[in-house]
Every structure is written in structure tokens, then in C-alpha cells.
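Undergrad: Can you look at this prediction? I've put the sequence above it.
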Amino acid sequence: MAMIPALGLAVMAASGCATPVNQPAGNSGVSLVQSGKLVTCTHLSYKPFQYSEGDKTVGFDVDLVDLVAKDLGVTQQIFDTPFETITSGTSFSANQCDLAAAGMTITDERKQAIDFSDPYFDASQALLVKKGSGISDLASLKGKKLGVQQDTTGEKYANENAAANGYTVVQFEDLPLMETAVRTGAVDAAINDNGVLYDYAKEFPDTEVTKEFDTGEKYGIGIKKGNTALQSKVNEVLKKAKENGEYDKIYEKWFGKKPESK
């Protein structure tokens, strides 16, 4: 699935840094760290929300932020950085990006460091295992290893339930490492958001999702604390996309179905 060609998405190396020029985008009142660019912090890979395909970064979140960039009359540029630098607000303090789209759950703890857009995606936690493993829930993991991705709500949920279920939590820096560990047997199972794990099981049918945990999570686009102009613009674009059908079209493109009506 290719990115919208007209928006020319580019990927910046994680070691690089966006030059803080605080350029206004047209007449929007929104100041950006790079003239003509809407720089998005993310942590690759988190398929199907954002991941590399050839020399491009594509995904559900990428397409949504492209709508914001289009409205501002600029192009989106991706800045790949460790997830914890996003949730801690470090990336914003360093002027590395304007916003963050990383399949990121809105939490009270994260709200202390960054602001969020209105929710744009509902998620829950899920359990990924090798097909036929017999592992159907956390209780099945007694004496076994459960993989988690660092600094995620899945890691928090796993740690909160470890003592009661008798498993060992094994931390991984990113999603692909964690998923691969399930296939190689380095861990017996892994926990993460349902959307990414169902996508992985579809691509690798030797794995399966055997359990969902209704954690009632909602994703939001992260924004620097106090940047109300950009926050308002993102909310305006998301609202418009849900009203005119663009959101449903993007959702169906990446998940094969329209979102459930609430």
C-alpha cells in the first residue's frame, strides 16, 4: 500500500534533528519546526499504523496525519525516535517534531508530559502465541515468559497481572523484536494492542491471537504541551474526516472493514 504520492513523505534518521525555525503554516496560526513540513515523531515499526515499505513510511496513522498536512498546505515528514522520547515529551522539548502519531494510547500519566488530540481509534490489549500452543489467557502462562514492548500500556498491564498469574515479563525495545520472539520461542506469548497483533497473525499464520483484554484504550495524536493552535487544527481535521467519510475510507484501507458504529 503506497503513500499518497502528492504528499512526498520522507523519513529522517533517528539520530538527526529537525531545525527549530517555528515557521507559521499559511494563515492557520500554527507554527512548525520546519518550514513547509509537518514533522511527525513515531517509533517504527508499528504495523499497520506506521511502518517502512521500501523507502517510504506508510500506515493508518500516516494517512491520517497526511490529512492534517494537506489542510496546512505542507508535506508530512517522519522522524523515527524511541517511543519513550515521545511519551516523556523529550522529542517535543528538543523541537524534533510538531506532533507524534504512534498508535499511542491516551493515559493520565502521558498527559503530564504531552497534550493529545481527541481520540481517533479504540484499542484493547491482546495475547499473541504460537498456533496450537494451548495458551489461551494469562493464567495459562504460569511458569512461562510473556513478552512486552517497552513503555507501552501492554507492559503496564502485564506487570500488574504478573504476580497473580505467575509468569515472567520479558521486555523488548520494539514491536517487531517482541513478535519475532514469539515465533522463535524466546517467549511463550506476547501482549500488545489488538490491531497490530491481529495484523501480524494474518501475515504469519503460525501465530494466533487467543485472547483480548478489554482495557478500553483510545489512541490520540501527541502534541507539545501548550500548543493549542496545532491541537485545535488536528481536532478540526479529525472531526471533518469522520464527518465526510475520509476517516472510514482510510480505516477500511488498512483494516479491511469499516469502523464499528458507536
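TA: Perfect, thanks for sending it.
Undergrad: For residue 131, which non-adjacent residue is spatially closest?
TA: Take residue 131 and drop its neighbours on the chain: the residue closest to it by C-beta to C-beta, 6 or more residues apart in numbering is residue 208, 4.7 Å away. No exception for glycine: its C-beta is placed from N, CA and C like everyone else's.
Undergrad: Okay, buried residues for whichever strand or helix holds the one you found please.
TA: With elements delineated by DSSP states H and E, residue 208 resides in strand 207-219, which encompasses its position. Buried residues in strand 207-219, counting neighbours by 16 or more other C-beta atoms under 10 Å, are found at 207, 208, 209, 210, 211, 213, 215, 217, 219.
Undergrad: Next, count neighbours for residue 82.
TA: Residue 82 sits with 17 neighbouring residues when counted by other C-beta atoms under 10 Å.
Undergrad: i'd like the first residue to be 29 from this point on
TA: Okay, residue one is now 29; in that scheme the one you just asked about reads as residue 110.
Undergrad: Look up how far residue 229 lies from it.
TA: Note on residue 110: its distance to residue 229, by C-beta to C-beta, to the nearest Å, is 26 Å.
Undergrad: Report all helices and strands that the longest helix along the chain contacts.
TA: For the chain, the helix that runs over the most residues, judged by DSSP state H, is helix 256-272. Based on contacts counted as 3 or more C-beta pairs under 8 Å, 6 or more residues apart in numbering; DSSP states H and E, the elements that helix 256-272 packs against are helix 88-100, strand 250-251, helix 274-283.
Undergrad: any idea of the mean pLDDT for it?
TA: In this model, helix 256-272 carries a mean pLDDT of 97.
Undergrad: which residues touch stretch 156-164?
TA: Stretch 156-164 is touched from outside by 155, 168-169, 172, 207, 210-211, 213, 216-220, 225, 228-229, 233-239, with contacts defined as C-beta atoms under 8 Å, 6 or more residues apart in numbering.
Undergrad: Ok, stretch 183-194 next?
TA: If you take C-beta under 8 Å, 6+ apart as the criterion, stretch 183-194 is touched by 153, 166-167, 169-171, 174, 176-177, 196-197, 199, 219, 241, 243.
Undergrad: Which positions within it qualify as buried?
TA: Buried residues in stretch 183-194 (16+ other C-beta under 10 Å): 183, 184, 185, 186, 189, 193.
Undergrad: and what of stretch 109-119?
TA: The neighbour-count criterion (16+ other C-beta under 10 Å) identifies 109, 110, 111, 113, 114, 115, 116, 117, 118, 119 as the buried residues of stretch 109-119.
Undergrad: ok, now stretch 123-140?
TA: Across stretch 123-140, burial judged by 16+ other C-beta under 10 Å covers 123-134, 138.
Undergrad: So which of those residues are in strands?
TA: Cross-referencing those against strands under DSSP state E gives 127, 128.
Undergrad: Tell me which two of the buried residues of stretch 123-140 sit farthest apart.
TA: Taking every pair in the buried residues of stretch 123-140 and measuring C-beta to C-beta, the maximum separation is 24.6 Å, between 123 and 133.
Undergrad: Identify the spatial nearest neighbour of the residue minimising distance to the centre of the chain, chain neighbours not counted.
TA: With distances taken as C-alpha atoms, centre = their mean, the residue of the chain nearest its centroid is residue 131 (1.8 Å). In space, not counting the residues next to it along the chain, residue 131 is nearest to residue 77; the distance is 4.0 Å by C-beta to C-beta, 6+ apart.
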